[in-house]
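Novice: Sharing a model that was predicted from the sequence below.
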Amino acid sequence: MGFLGRLLRSFGESPEERTKRYQRQIDEWDRQEAEEALEEEYDEEDGIEDADY
C-alpha cells in the first residue's frame, strides 16, 4: 500500500489499532531479521559463501 493509502487509513484508526499495527510490523521485521541471521549462520557452518541471488 502506498504512502497515501496508509495516511488515509491512519485517520480512521484508534490509537490502540495504530499501536497494534505498528507492533505487527515490528514483529515482522524482527522475524525477517532472525531468519536472515539463521541463514547466514548455516552458510558459515557449511562454508558456503553468501552470494547475491
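Specialist: Everything's here; your move. Numbering: from 1, shown residues only.
Novice: Which secondary structure element of this protein has the lowest mean pLDDT?
Specialist: Lowest on mean pLDDT, DSSP states H and E among the helices and strands of the chain sits helix 3-11, with a mean of 80.
Novice: just the angle between whichever helix or strand comes after that one and helix 3-11, please?
Specialist: Next along the chain after helix 3-11, taking DSSP states H and E as the criterion, comes helix 15-46. Between helix 15-46 and helix 3-11, the angle comes out at 130 degrees (axes from the mean of the first three to the mean of the last three CA atoms, to 10 degrees).
Novice: how distant is helix 15-46 from the center of its chain?
Specialist: 5 Å (CA atoms, centre = their mean, to the nearest Å).
Novice: Which elements pack onto it?
Specialist: Helices and strands touching helix 15-46, by 3 or more CB pairs under 8 Å, 6 or more residues apart in numbering; DSSP states H and E: there are none. For glycine as for every other residue, the C-beta is placed from the backbone atoms N, C-alpha and C.
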